[in-house]
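**Student:** Dropping a prediction and its sequence here:
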Amino acid sequence: MDKLNNLEDVKRFLHQLGIHMEEAAVRQVVNVLSGKVRQSLYSLFAIRQDKPAPVCGKGSVYKIKKLYDEGKLKPYLDYLKVIAKEDGNQSAIIKPKYAEVENDLDAPWQFGLSKSNDVLAEAIPWLMELQLYRKTYCSKPITIREAKWFSRLSGFRQTFSDLSDFLTASEIHDDKIRNSFLWNVIATWAKLYAYREKLDTTAGIEKTDYSDLDSYMGTNSLKALDEYNNKWSLITVKRIANEVEITREDLEKFNVRYMMSSNIDNVRSGEIYFLAHSLGDPEMTDSAIDLYSHAFTIIFLDLDGFSKRLLKLPYILRIRFLVNLRRWISEHPDELKSSIEPVIGQIMEKVEKSSHSEIDST
């Protein structure tokens with residue numbers, strides 16, 4: 001790939017080099033390597049209480065350095081030069097009111113870097129476990145913003161008195177499975193509240209109002225909340241787009257900054273339908289997310305009875321099916337959509353024959 005024309009090209013290029021992390025983080029490492037930012041490599045991955053959260057792990061930093069030294073990042077460096085020229089006029093294109101909010105709230109949550117009043121003490125062990133689950137799920141980590149909402153909403157787990165609609169009898173009596181289910185549900189609620197908060201900030205809404213979301217919390221209707229929030233978000237994004245002076249060339253950047261992909265919305269809605277919670281936003285390239293979203297379309301069409309077969313499985317095996325599907329797609333992001341149906345069938349058959357055991361054993 002000689003020339004990278006957009007963010008999708010960049011993600012695909014980095015993925016081919018074995019770099020599976022946010023492009024913004026890769027850019028920070030490259031800026032240090034090139035001398036554009038005066039900062040030590042150590043500071044990029046060091047965990048220190050009085051400093052910002054690490055950009056990425058030590059292994060990732062030195063992997064990028066090796067590729068940089070070998071000249072294998074040249075197409076990406078050329079892309080950054082083009083972007084730098086375009087960004088020179090960025091402030092004239094987008095009004096300051098709608099400038100992207102870059103702060104620690106959207107960095108990954110880590111216990112070692114959290115402040116004492118960030119989250120309730122009882123929520124911390126589950127946040128740490130959920131972060132581990134996110135890696136298993138091929139998902140983006142929980143952010144500080146989401147962790148704060150998770151803490152605020154954690155008490156609602158007590159409202160789920162009857163779990164028979166979601167778990168089998170044996171799963172209900174398995175403390176680890178039952179608690180994992182409840183905390184995943186709370187994490188999904190937290191994600192929706194956090195996204196609303198970020199979008200309100202982006203839109204310049206000074207007096208935030210979450211009473212509409214609260215009304216859904218009272219009924220434990222996560223499906224209804226997800227549908228409502230998607231519609232609300234689309235309306236708000238359109239309003240922002242109408243008020244912002246933006247050129248065609250910057251449309252892609254604008255969508256990345258201000259709009260949660262409709263594919264991610266579709267993925268989250270599909271996972272909520274089958275699990276009663278999301279597995280978190282996929283840590284995948286855009287093309288892989290598009291393929292995963294298409295997979296849900298195939299499943300909902302109920303070809304070969306996929307939807308009915310999935311719903312018949314115990315909760316833990318439904319997770320296993322979706323995680324295995326995520327993993328396959330992460331490893332084959334550029335496969336044609338026509339190839340996904342037989343893959344769904346193969347994974348379904350394998351899971352149906354498997355035993356009822358832990359998700360991380362798959």
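**Tutor:** Good, I have the coordinates.

**Student:** and the residue lying closest to residue 304 once chain neighbours are set aside, what pLDDT?
**Tutor:** Distance criterion CB to CB, 6 or more residues apart in numbering; nearest residue to residue 304, sequence neighbours excluded, is residue 345 at 6.0 Å. Bear in mind the C-beta positions are built from the backbone N, C-alpha and C, glycine included. Note for residue 345: predicted pLDDT of 94.

**Student:** what does the one 10 residues further on give?
**Tutor:** In this model, residue 355 is scored at 60, pLDDT.

**Student:** Where do the domain boundaries of the protein fall?
**Tutor:** 7-88, 95-265, 284-362 (automatic domain parsing).

**Student:** Out of the ones you listed, the one nearest residue 271 is which?
**Tutor:** domain 284-362 (6.4 Å; CB to CB).

**Student:** can you give me how far the closest one is from the chain middle?
**Tutor:** With CA atoms, centre = their mean, to the nearest Å as the basis, domain 284-362 stands 18 Å off its chain's centre.

**Student:** Report the buried residues of stretch 301-314.
**Tutor:** By neighbour count on 16 or more other CB atoms under 10 Å, the buried set for stretch 301-314 is 306-307, 309-310, 313.

**Student:** how close does the residue nearest to residue 304 get to residue 43?
**Tutor:** 48 Å (CB to CB, to the nearest Å).

**Student:** One more: residue 275?
**Tutor:** Per CB to CB, residue 275 is found 39 Å from residue 43.

**Student:** mean pLDDT lowest for which of the domains of the chain?
**Tutor:** Among the domains of the chain, domain 95-265 scores lowest, with a mean of 74.

**Student:** which residues sit in contact with the most centrally placed residue in the chain?
**Tutor:** Of all residues in the chain, the one closest to the mean position by CA atoms, centre = their mean is residue 281, 2.5 Å from it. Residue 281 is in contact with 139-140, 191, 264, 267-268, counting by CB atoms under 8 Å, 6 or more residues apart in numbering.

**Student:** so residue 79 makes contact with residue 4?
**Tutor:** Yes: judged on CB atoms under 8 Å, residue 79 makes contact with residue 4 at a distance of 4.1 Å.

**Student:** Residues in contact with both of these two, list them for me.
**Tutor:** Common neighbours of residue 79 and residue 4, counting by CB under 8 Å, 6+ apart, are residue 10.

**Student:** which parts of stretch 334-343 are buried?
**Tutor:** Going by 16+ other CB under 10 Å, stretch 334-343 has these buried residues: 340-341, 343.

**Student:** With secondary structure and distance to residue 63 as extra columns, can I get these in CSV?
**Tutor:** Below are the buried residues of stretch 334-343 laid out as CSV (DSSP: H, G, I helix; E, B strand; the rest coil; distance: CB to CB, whole Å):
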residue, secondary structure, distance to residue 63
340, helix, 30
341, helix, 35
343, helix, 29
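
**Student:** nearest to residue 66, of the residues you listed?
**Tutor:** Closest to residue 66, out of all of those and judged by CB to CB, is residue 343, at 33.1 Å.
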